[in-house]
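Engineer: With the input below, show me the fold.
(2 chains)
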Amino acid sequence: MRLLLATVTRNRKGQPVRAERTLDGDSFAIGRGAQCPIFLPDPRVALEHATIFRSEGATRLAAVGTATLLVEGHQDPEMTLAPGSYVEIGPYGFTVETPPAGADLALAVELKRPLPDDLSDIKVRSRMTLTAAGLGKRRPAWIFLGVVLLLFVAIPVINAVVPPLRAVTAKFVLPPDKAWNPGPLAAGHSSFANDCRVCHEIPFVHVRDRTCLKCHDRIAGHAPTPRQQAALFGDTRCAKCHADHKGASGLVRSDAGLCSSCHGDLKRRAPETTLVDARDFAKGHPEFRVTLWRGPGKDDVVRVVQTDKAKLVERSGLRFPHVDHLKSSIRGPKGRVVLECKTCHVPDASGRSFQPVQMTKHCSDCHTLEFEPAVTSRQVPHGSVDAVMLTMQEFYASIALNNVAVDTVDSGDIRRVIPRPAGGGTITEEQRQRALAWARAKAAKTAEDLFEARVCIVCHEVLKMSGPRGGPGEVVWNVAPVRVASAWLPKSQFDHAKHRTFKCEDCHDKVEKSASSGDVNIPDIESCRVCHAGSDPAANKVVSTCVSCHGFHLPGHAPWSKRARGEVGNEIAPIALRGGSR
Amino acid sequence: MRHQSLLAYAKFRYLKVAAVVLVATIAAYALNRPPGGRYGGSWMGYTLGTIGALLILWLLWFGIRKRRYASTAGTLLGWLSAHVYLGTTLLVIATLHAAFQVGWNVHTLAYVLMIAVILSGFFGVWAYLKYPALITSTLGDDTLETLLIKIADLDRQARPLALSLPDACNRLVLAASLGTDIGGSWRRQLSGRDSDCPTTAAVVGLQSIGKTLRGEQSRVNQQLYAVMVRKQELVARARAAVALKARLDVWLFVHVPLSIALVAALVAHVVSVFFYW
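Structural biologist: The predicted structure follows:
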């Protein structure tokens, strides 16, 4: 068999250029193997891809092994090579041409699909920058911008302006008002956390006082009268001191500046003031001034500097030497007892202070009010002089009237029972008068003993007066009112409960030796400073600011709501503040 | 011109500026004891907040300035040096503005975004100091382009050699020639590896098939194997260079979008503060 093989290539203009050669043989192997007569040097062709051979008068082409032929678009293992037929082997196309004379078969072969250019090919495949790999900056930036502005600007603003939306937005994972909340609200305000507009009523306008006063309308002011408050504070906003969103207890200012901005230099600001300048507790606080009652009125008190020992005397009207009661033990009606502070000073329900000491509860076990030595079962009542007198008169009248022959009665011996007159329950008027006269005389005598020598005088200041009420010669006694203070430093708040870890005598150290109820055993400022620092921390001391002991809104003063100038008019000149601008 | 590090620019001019800013900020914060404690709403808080916000806007301006090739307002290196140092001071300014207070709110969102932007910037500085030298040493006298040219050239050498070898060898070489790529997805770029690399597969395959070959085929196979090993080495270097470049660049894909997110959060922060004044 003779085969005319034309290898077609293309010149620069794309025109075919044929190189022909003639092959002789029984069959012709086609492949990329160099041994193949029809050599196709391309890796996409098998080593021995196909064979051309004659069979039953026809020239046929058959694929070898797993190689394939592509005959007019279909894969075929074998085909007949007739003029005009076309087959593809790998990237090569074979066209069967009409054989010229002397040849059995004419084939034209052309590389139809050359391999791509290696360099441009690997460049196309390779993505060597992150941008080429699909990472971007603009797109995520726009998305972030949109999401943040939507969630944290648009929705909260709409939410604030369109209240009906609140029902919906409240269900968000992070509701708009919470997302905007710069910090936890004070404990009392925490229930407003999901609705800013409870306090912030008007956008871009500060929280107004009237909003605060909706709830806090009764809060006391700082000065006694509205006029003084207006002069001192004018239109100072509540929120100037009470800024919220600073934690559960952050609403109350506790810094030293709160008070010392005025009280540090009060004399200059208000020359007429009687208050002493005060600044930091550690460095600039005046000596304590103890409030003592001087009478005669209930509220007639003086404030005495603790260092002024001469004036520092309590005039309570009570005689109570602590030293006699705090001895190791004292003799009582039921034997010896040991008295401690807490025997008489019982904490009140809060533990901050103490229940009043009461004669009937704390004293009367020992200090009985027996008036008749022969009859220990009877006592006079504690309290009213009139009641005391009446009790004794009744007692002695009863004895006198229940016995006859009063004139024989020895007033010094009431134990002697005098027999009743025979046969009768009736006494004469004259007998009755004599009996009552005796009873009055007896009562008067006993009273003198009681008030002036034996009983009342032990604890009270007793004044003997002649006849202010009764007839001439009648004697009455006046027991001075007892005004024991319940708080000696009423301008501050002291919580005994918080000082429970101490013993009473740690602070009230002179009580045990105190022989007079005139002694004032309130600890002085130096005692407090042992443990309490000022605003600045100090080693092993408790930081204590003004509001640790003092309040701003003082009970009993005009309500804070009355301080605005408009409510009191401008008729008074404001107190000159620093620089005299106000 | 002598090469100058962005950190050492102008004898550390902006480090000094930043140090002065930091000292002044910390001192002002420490000395200021506003009534009711330090917080963002005190006048010191507002002051630091305003400085911080203006600083953020100025830092963002760098993104625009670096594209203004005609600008004569300082050198770009100087701007970058200032950007880095003054951006760092923002960490302190913003923290003191907030007085160390955080919460689940838009204010802390802005703060966290700012921290993320600054930290990504720190990575950027570190990357700019570290990777360019590594890229140079990895590429040697080559560039990525010349590496690709060499790889393509080896492909052209390998294919004819494989023609006379068994189909299995030929397939491996063809796959390596047509399927090998450099880089790829951003993960693959950053890793610098391709676990499914056809060139590696060819190197391994040719070695094992080579043991079954004899005579001329064995000789050709050895020649082909040598070519493929050279290609594998070039491919690995190209991938390493791409990985280093990706690591040099990747932080910007965090830094830039988060900067924009920060601007949005900053707007929300300021609006919310004054809306509910």
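
Engineer: May I have the strands that pair with the host helix or strand of A:Phe94, each with its orientation?
Structural biologist: When secondary structure is defined by DSSP states H and E, A:Phe94 falls within strand A:92-97. Strand A:92-97 sits in its sheet next to strand A:86-89 (antiparallel), strand A:105-111 (antiparallel), going by DSSP bridges.

Engineer: For the longest one, the averaged confidence score.
Structural biologist: For strand A:105-111, mean pLDDT rounds to 93.

Engineer: Can you classify A:Ser535 as helix, strand or coil?
Structural biologist: Here A:Ser535 is recorded as coil under DSSP: H, G, I helix; E, B strand; the rest coil.

Engineer: where does the residue nearest to it when sequence neighbours are not counted fall, phi/psi-wise?
Structural biologist: In space, and not counting its chain neighbours, A:Ser535 is closest to A:Ala256: 4.0 Å by Cβ to Cβ, 6 or more residues apart in numbering or on different chains. All C-beta spots, glycine's among them, are computed from the backbone N, C-alpha and C. When read as degrees, to the nearest 10, the backbone of A:Ala256 gives phi -60, psi -30.

Engineer: Do you know the pLDDT at A:Ala256?
Structural biologist: 75.

Engineer: And for B:Val84?
Structural biologist: 93.

Engineer: Then A:Cys262?
Structural biologist: On the pLDDT scale, A:Cys262 is placed at 86.

Engineer: For whichever helix or strand it is part of, name the packing helices and strands.
Structural biologist: For A:Cys262, the element it lies in under DSSP H and E is helix A:257-263. Where contact means 3 or more Cβ pairs under 8 Å, 6 or more residues apart in numbering or on different chains; DSSP states H and E, helix A:257-263 is packed against helix A:546-549.

Engineer: Which residue comes closest to A:Pro116 once chain neighbours are left out?
Structural biologist: Counting by Cβ to Cβ, 6+ apart, the residue nearest A:Pro116 is B:Leu178, at 7.8 Å.

Engineer: right, I mislabeled it, should have said A:Cys199
Structural biologist: Once flanking residues are discounted, A:Cys199 sits nearest to A:Val207: 5.1 Å by Cβ to Cβ, 6+ apart.

Engineer: What ranges in chain A fall below the confidence cut-off?
Structural biologist: Regions of chain A meeting the criterion pLDDT under 70 cover residues A:193, A:403-425, A:467-473, A:564-582.

Engineer: And for A:Asp118, the neighbour number?
Structural biologist: The local packing of A:Asp118 (other Cβ atoms under 10 Å in any protein chain shown) involves 22 other residues.

Engineer: I'd guessed A:Met465 sits against A:Trp477; true?
Structural biologist: Yes. A:Met465 is in contact with A:Trp477 according to Cβ atoms under 8 Å; the separation is 7.2 Å.

Engineer: Between the two, which has more neighbouring residues?
Structural biologist: Between A:Met465 and A:Trp477, counted using other Cβ under 10 Å, A:Trp477 has the larger neighbour count: 19 against 11.

Engineer: What residues sit buried inside the strand holding A:Phe94?
Structural biologist: Residues of strand A:92-97 classed as buried by neighbour count (16 or more other Cβ atoms under 10 Å in any protein chain shown): A:92-96.

Engineer: likewise stretch A:171-186?
Structural biologist: A:175-186.

Engineer: Do any residues in it lie close to chain B?
Structural biologist: Yes. Stretch A:171-186 reaches chain B (Cβ under 8 Å from any Cβ of the partner chain) through A:174, A:178-184.

Engineer: on that earlier part again, show me what contacts the residue nearest to A:Cys199?
Structural biologist: Contacts for A:Val207 (Cβ atoms under 8 Å, 6 or more residues apart in numbering or on different chains) come out as A:199-201, A:237-239, B:277.

Engineer: Next to chain B, which bits of the stretch 1-150 of chain A? Give me the list.
Structural biologist: A:32-34, A:41-44, A:46-47, A:115-119, A:121-123, A:125-130, A:132-137, A:140-145, A:147-149.

Engineer: What is the burial count for the residue in the stretch 401-550 of chain A that chain B sits nearest to?
Structural biologist: For the stretch 401-550 of chain A, the residue closest to chain B is A:Ser535, as judged by Cβ to the nearest Cβ, at 8.9 Å. Close neighbours of A:Ser535, defined as other Cβ under 10 Å, add up to 20.

Engineer: Report the separation between it and A:Lys342.
Structural biologist: Note on A:Ser535: its distance to A:Lys342, by Cβ to Cβ, to the nearest Å, is 35 Å.

Engineer: before we move on, which element is B:Val17 in?
Structural biologist: Using DSSP H and E, B:Val17 sits within helix B:9-31.

Engineer: Next secondary structure element downstream of that helix?
Structural biologist: Past helix B:9-31, heading to the C-terminal end, the next element that is a helix or strand (DSSP H and E) is helix B:43-65.

Engineer: hmm, back to that, need the strands paired with strand A:92-97 in JSON lines (columns: mean neighbour count).
Structural biologist: Below are those laid out as JSON lines (neighbours: other Cβ atoms under 10 Å in any protein chain shown):
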{"stretch": "strand A:86-89", "mean neighbour count": "18"}
{"stretch": "strand A:105-111", "mean neighbour count": "19"}
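
Engineer: Could you pull up the residues touching A:Ser126?
Structural biologist: Here A:Ser126 is in contact with B:148, B:181-184 (Cβ under 8 Å, 6+ apart).

Engineer: What about chain A: which of those touch it?
Structural biologist: B:148, B:181-184.

Engineer: Off-centre distance for the helix or strand encompassing A:Trp438?
Structural biologist: Using DSSP H and E, A:Trp438 sits in helix A:429-448. Relative to its chain's centre, helix A:429-448 lies at 72 Å (Cα atoms, centre = their mean, to the nearest Å).

Engineer: do you know how far the most centrally placed residue in chain A is from A:Gly183?
Structural biologist: Nearest to the geometric centre of chain A sits A:Ala248, at 2.0 Å (Cα atoms, centre = their mean). Counting by Cβ to Cβ, the gap from A:Ala248 to A:Gly183 is 11 Å.

Engineer: can you check B:Ile182 too?
Structural biologist: 53 Å.

Engineer: Thank you kindly, that will do.
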